[in-house]
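Participant: no FASTA, just this:
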């Protein structure tokens, strides 16, 4: 595969519009743990910034594409928003996944034991979400819970900046968000997962009960954010999240397929506001 074509293929596999889910989490986690502006000049901050934006997503979605050929064959979004894997891509994808794994192991040589534990947890959750024998995505409720993998870069970033782990309340807020995010994103795939014999939490609950559960988890997130921000007016923007499933439950003309693709923009906007609110006091 020519180099330019290989790079284009890698970008498509990594789901460019979803980079914010790992890279953004890392950036916010680091800012939460930072006690001074000088910590941002640590070169390791930028090394992991690159890692969690691009290679980490290559690993997550590369493994996913390798083990999801059956359901992807039926899913039309693979032709429009993502890449449909065929036999000619399989060898390239295996090389990409192994390359990221080797890069991760090299980075671990320079880490302390807690950093190795956090990165190993991220890699194991990312791999076994899609791959057997555990394949979390085929186990109702564990499929959404295992998406804690998207919080691991934030915990890693927090520890890198402060040499401490974030509070349990912060981690609970992160868990509530990724649980709802995963369940919400699985709803448009209910038909295709059913046909492929994959029993996700969304398949088990059906669309409306899944939306209700999303509203509960995102309400928990909003309550934690508002409490931790001491009722700062901007913290009430977190109520945008439960508004998504509530609107879909109330207004039946709304389509979840369209709402789903708005979430990356909402996450980027609100994550950006949170990052600015954390870094601003360090500058002034």
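Facilitator: Thanks, I have the structure now. Note that the structure is predicted; figures quoted are calculated from it, not measured.
Participant: Count residues in the vicinity of residue 196, would you?
Facilitator: 17 (other C-beta atoms under 10 Å). Glycine gets a C-beta too; all of them are placed from N, C-alpha and C.
Participant: That one and residue 63: what is the separation?
Facilitator: 17 Å (C-beta to C-beta, to the nearest Å).
Participant: One more: residue 203?
Facilitator: 21 Å.
Participant: Next: residue 26.
Facilitator: In this view, residue 26 and residue 63 are 19 Å apart by C-beta to C-beta.
Participant: for the stretch 1-150 of the chain, what spans make up the helices?
Facilitator: Along the stretch 1-150 of the chain, counting by DSSP state H, counting those that start in this stretch, helices occupy 3-13, 25-33, 43-53, 55-67, 69-72, 77-80, 87-108, 113-130, 142-145.
Participant: Would you mind saying which of these lies nearest residue 233?
Facilitator: Between residue 233 and the helices of the stretch 1-150 of the chain, the tightest spacing by C-beta to C-beta is seen for helix 25-33, at 19.5 Å.
Participant: Can you name every helix or strand that that closest one contacts?
Facilitator: The contact analysis (3 or more C-beta pairs under 8 Å, 6 or more residues apart in numbering; DSSP states H and E) places helix 25-33 against helix 43-53, helix 152-162, helix 263-283.
Participant: what sits up against that helix?
Facilitator: Defining contact as C-beta atoms under 8 Å, 6 or more residues apart in numbering, one finds that helix 25-33 is touched by 40, 45, 48-49, 52-53, 150-151, 153-162, 164, 166, 170, 174, 271, 274-275, 278-279.
Participant: again, only using 6 Å
Facilitator: The contact list for helix 25-33 (C-beta atoms under 6 Å, 6 or more residues apart in numbering) reads 52, 153-154, 157-158, 161-162, 271, 274-275, 278-279.
Participant: Just name the most buried of the helices and strands packed on helix 25-33.
Facilitator: Each of these was scored by mean neighbour count; the highest is helix 152-162, a mean of 24, by mean count of other C-beta atoms under 10 Å.
Participant: what's that helix packed up against?
Facilitator: Under the contact definition 3 or more C-beta pairs under 6 Å, 6 or more residues apart in numbering; DSSP states H and E, helix 152-162 sits against helix 25-33, helix 113-130.
Participant: I'd like the next helix or strand past that helix.
Facilitator: Toward the C-terminus, helix 152-162 is succeeded by helix 168-186 as the next helix or strand (DSSP states H and E).
Participant: same question for the helix or strand following that next one, mean pLDDT?
Facilitator: Per DSSP H and E, the first helix or strand lying C-terminal to helix 168-186 is helix 190-196. Helix 190-196 shows a mean pLDDT of 86.
Participant: What are the contacting residues of the following helix or strand past helix 190-196?
Facilitator: Downstream of helix 190-196, the next assigned helix or strand under DSSP H and E is helix 201-205. By C-beta under 6 Å, 6+ apart, the list of residues contacting helix 201-205 from outside reads 140-141, 143-144, 183, 186-187, 190, 193-194, 210.
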